[in-house]
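J.: What would the 3D arrangement of this be:
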Amino acid sequence: MAAQTNTKRMGARKYFKSVKSELKKVSWPNRKDLQSYTIVVLVACGLASIGIWLADSVFGQIIKLLAK
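T.: As a prediction, this is how the structure comes out:
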């Protein structure tokens, strides 16, 4: 039983070491890039929500007309 516990701990330790190693390889964006990416995402979300709202309004009106 104790052997299995040690094996699991060593596995977890090895896993987190490899995660740390991989995170060092990541090319992180600088502040300027991060701000521009954030603006792009916010604008895209806003446009998508407006599009969904418009589609919902149009389909709602169509259903009201058909229900009469």
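J.: any weak-confidence spans in the chain?
T.: Applying pLDDT under 70 to the chain picks out residues 1-9.
J.: Give me the distance between the residue nearest to the spatial centre of the chain and Ile62.
T.: Closest to where the C-alpha atoms of the chain average out (Cα atoms, centre = their mean) is Val41, at 10.9 Å. Distance of Val41 to Ile62, computed by Cβ to Cβ, to the nearest Å: 32 Å. To be clear about C-beta, it is placed using only N, CA and C from the backbone, and glycine gets the same treatment.
J.: and if you look at Gly46?
T.: In terms of Cβ to Cβ, Gly46 sits 25 Å off from Ile62.
J.: Ser49 - how many residues pack around it?
T.: Residues near Ser49, counting by other Cβ atoms under 10 Å, number 10.
J.: which residues touch the residue nearest to the centre of the chain?
T.: Listed by Cβ atoms under 8 Å, 6 or more residues apart in numbering, Val41 has no contact partners.
J.: Sticking with it, tell me its helix or strand.
T.: Here Val41 is covered by helix 31-67, with elements defined by DSSP states H and E.
J.: For that helix, what is the distance to the chain centroid?
T.: Averaging C-alpha positions (Cα atoms, centre = their mean, to the nearest Å) puts helix 31-67 18 Å from its chain's average.
J.: what's the answer for stretch 23-43, then?
T.: Put simply, stretch 23-43 sits 13 Å off its chain's centre (Cα atoms, centre = their mean).
J.: Make 12 the starting number, not 1.
T.: Okay, residue one is now 12; in that scheme the one you just asked about reads as stretch 34-54.
J.: number of nearby residues for Lys43?
T.: Using other Cβ under 10 Å, the number of residues around Lys43 comes to 8.
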